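> okay, sequence plus prediction incoming.
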Amino acid sequence: MKKQINQTKEEKRLEDFKKIAENWDSLSEYAKGKMDGIISTMATMTEQKAG
């Protein structure tokens with residue numbers, strides 16, 4: 001079942017991603033590693049669903 005994300009939540013999420021990207025260099029190596037892992041996992045899951 002695909003859930004709809006309302007526009008306000010989507011805008012908030014995009015703003016959060018923007019803040020993370022803008023401040024990437026100031027994150028700890030631990031935080032960067034965790035984020036890299038999450039992003040990689042989500043990308044793999046998305047590819048599997050599409051394929």
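Sure, I can see it.
> so, low pLDDT: which residues of this structure?
The model of the chain has pLDDT under 70 over residues 1-3, 51.
> which SSE is Ile5 in?
Taking DSSP states H and E as the definition, one finds Ile5 inside no helix or strand.
> what's the neighbour count on it?
For Ile5, the neighbour count with other C-beta atoms under 10 Å is 11. To be clear about C-beta, it is placed using only N, CA and C from the backbone, and glycine gets the same treatment.
> helix, strand or coil for the one residue sitting closest to the centre of the chain?
Note on the chain: the residue nearest the mean C-alpha position is Ile39, at 5.8 Å, using C-alpha atoms, centre = their mean. Taken by DSSP: H, G, I helix; E, B strand; the rest coil, the conformation at Ile39 corresponds to helix.
> where does Leu27 fall, phi/psi-wise?
Note on Leu27: backbone dihedrals following degrees, to the nearest 10 are phi -70, psi 150.
> still on that earlier bit, contact partners for the residue nearest to the centre of the chain?
Shown here is Ile39, which makes no contacts under the criterion C-beta atoms under 8 Å, 6 or more residues apart in numbering.
> with Glu47 instead?
Contacts of Glu47 by C-beta under 8 Å, 6+ apart: none found.
> pull up the gap between it and Leu27, please.
The gap separating Glu47 from Leu27 is 26 Å, by C-beta to C-beta, to the nearest Å.
> can I get the strand or helix carrying Gly33 as PDB, trimmed to CA atoms?
Taking DSSP H and E as the definition, Gly33 sits inside helix 29-50. Taking Å, rounded to 0.1, in the frame of the first residue of the first chain, the C-alpha atoms of helix 29-50 are listed here in PDB:
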ATOM      1  CA  GLU A  29      32.300  10.900  11.000                       C
ATOM      2  CA  TYR A  30      30.000   8.700  12.900                       C
ATOM      3  CA  ALA A  31      26.900  10.700  11.800                       C
ATOM      4  CA  LYS A  32      28.200  10.700   8.200                       C
ATOM      5  CA  GLY A  33      28.700   6.900   8.300                       C
ATOM      6  CA  LYS A  34      25.200   6.400   9.700                       C
ATOM      7  CA  MET A  35      23.600   8.600   7.000                       C
ATOM      8  CA  ASP A  36      25.600   6.900   4.200                       C
ATOM      9  CA  GLY A  37      24.300   3.600   5.400                       C
ATOM     10  CA  ILE A  38      20.700   4.700   5.600                       C
ATOM     11  CA  ILE A  39      20.900   6.300   2.100                       C
ATOM     12  CA  SER A  40      22.500   3.200   0.600                       C
ATOM     13  CA  THR A  41      19.900   0.900   2.200                       C
ATOM     14  CA  MET A  42      17.000   3.100   0.900                       C
ATOM     15  CA  ALA A  43      18.500   3.200  -2.600                       C
ATOM     16  CA  THR A  44      18.800  -0.500  -2.700                       C
ATOM     17  CA  MET A  45      15.200  -1.000  -1.400                       C
ATOM     18  CA  THR A  46      14.000   1.500  -4.100                       C
ATOM     19  CA  GLU A  47      15.900  -0.400  -6.800                       C
ATOM     20  CA  GLN A  48      14.400  -3.700  -5.700                       C
ATOM     21  CA  LYS A  49      10.900  -2.400  -5.800                       C
ATOM     22  CA  ALA A  50      11.400  -0.800  -9.200                       C
END
